[in-house]
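Participant: Structure for this input, please:
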Amino acid sequence: MSPRALSAAALAAAAALSLLLTACGSDEDGDTPPDDKIQGADKAEKSPSPSPSEEEAGRPEIKLPKDVTYEFEWSKTGDPDKDAVLRDTEERIKSLDMAIAEQDPAHAAYRFYYYGEAAAGAEETIQRFVDHKARTTGTVRYYAEQLSLEEDGTANLIYCEDQSKAFNKFLDTGKVDETPVTADSYVVYNTKLRKGEGGVWITEQLISERGAAQCQP
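Facilitator: Next up is the predicted model:
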C-alpha cells in the first residue's frame with residue numbers, strides 16, 4: 001500500500017471513525033449516507049466535558065502525541081443523551097489514534113468504544129499503520145453533525161471530517177507525508193451507537209464516504 005493509500009484508508013477511519021471506519025467498513029456495505037446536505041456546518045460550540053459520574057464508568061485515559069489534535073465543531077444539544085453521544089464519539093475517535101500512536105491493534109482504549117464490526121474494522125486500520133510503522137499527525141476537524149435518538153435505544157449520528165490538515169507520520173524516519181488537499185480530504189460518516197454499561201455510547205456500525213459532496217468547503 002502506498003503512503004497515499006494509507007492516508008485514505010487510515011486517516012478516514014480515525015475520524016471518527018466511527019464505528020465502520022473508511023478502512024474498517026465502507027459504503028460497500030450498501031447503507032450509504034443520505035444525499036441531502038448535512039445541516040449544522042456553522043455550529044462551533046463544543047460539547048461539554050464528562051461529569052464525575054460519567055468518568056466513574058471506567059472510561060480509559062486518552063494520551064496522544066502533542067502533534068495529534070482535533071477540532072470538534074459540534075454544538076451542545078441540551079439533551080443529556082445526545083450530548084453524551086457526541087462526547088463518547090469524540091473519545092472513540094481519539095482512542096483509535098491513541099492505539100495507532102502506540103502501535104497496538106489490540107489496545108484496550110479503542111475496544112472500550114467499539115463493538116462488533118466496528119471493532120474488527122478498527123483493528124484492521126491500526127494493523128495497517130503498524131505494518132507501515134506509521135501514525136497520524138496534524139489536526140482533524142469534525143463538523144455538520146446530524147444526531148437522532150431512536151425508539152429502540154440506539155442513536156444515529158452522521159458527521160463530516162476534514163482531513164486537509166492531517167497526515168501520516170512514519171516512525172522510523174519521522175517523515176510526514178504531506179499529501180495535497182483534494183475533494184477526498186473530506187469524509188462523511190454514518191454511525192450507529194448503543195448505550196452500554198455505565199451509560200457509555202458504543203459505536204456498533206460505521207459507514208463512510210470519501211469525497212462526500214455535503215462535506216466539501
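
Participant: which stretches of the protein have low pLDDT?
Facilitator: Low-confidence segments of the chain, defined by pLDDT under 70: 1-57.

Participant: And the helices in it?
Facilitator: Using DSSP state H, the helices assigned to the chain run over residues 3-6, 12-14, 52-55, 80-101, 108-113, 117-131.

Participant: Can you name the residues that contact Tyr142?
Facilitator: By C-beta atoms under 8 Å, 6 or more residues apart in numbering, Tyr142 lies in contact with 15-16, 70-74, 90, 93, 159-162. The C-beta positions use only the backbone N, C-alpha and C, and glycine is treated the same way.

Participant: what number of residues lie near the closest residue to Gln205 other than its chain neighbours?
Facilitator: Among residues not flanking Gln205 along the chain, Lys192 sits closest, at 4.1 Å (C-beta to C-beta, 6 or more residues apart in numbering). Lys192 has 20 neighbouring residues, counting by other C-beta atoms under 10 Å.

Participant: residue with max distance from the center of the protein?
Facilitator: For the chain, the largest distance from the centre (C-alpha atoms, centre = their mean) belongs to Thr173, which lies 26.4 Å off.

Participant: contacting residues for that residue?
Facilitator: Contacts for Thr173 (C-beta under 8 Å, 6+ apart) come out as none.

Participant: can you rerun that using 10 Å?
Facilitator: 133-134 (C-beta atoms under 10 Å, 6 or more residues apart in numbering).

Participant: Okay, strands next: where are they in this structure?
Facilitator: Using DSSP state E, the strands of the chain run over residues 68-72, 134-149, 154-170, 176-177, 186-195, 201-210.

Participant: Next, format the helices of the chain as JSON lines and append mean neighbour count and distance to Lys169.
Facilitator: Formatted as JSON lines, the helices of the chain follow (neighbours: other C-beta atoms under 10 Å; distance: least, C-beta to C-beta, whole Å):
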{"stretch": "helix 3-6", "mean neighbour count": "15", "distance to Lys169": "10"}
{"stretch": "helix 12-14", "mean neighbour count": "31", "distance to Lys169": "13"}
{"stretch": "helix 52-55", "mean neighbour count": "10", "distance to Lys169": "30"}
{"stretch": "helix 80-101", "mean neighbour count": "23", "distance to Lys169": "9"}
{"stretch": "helix 108-113", "mean neighbour count": "21", "distance to Lys169": "19"}
{"stretch": "helix 117-131", "mean neighbour count": "22", "distance to Lys169": "10"}
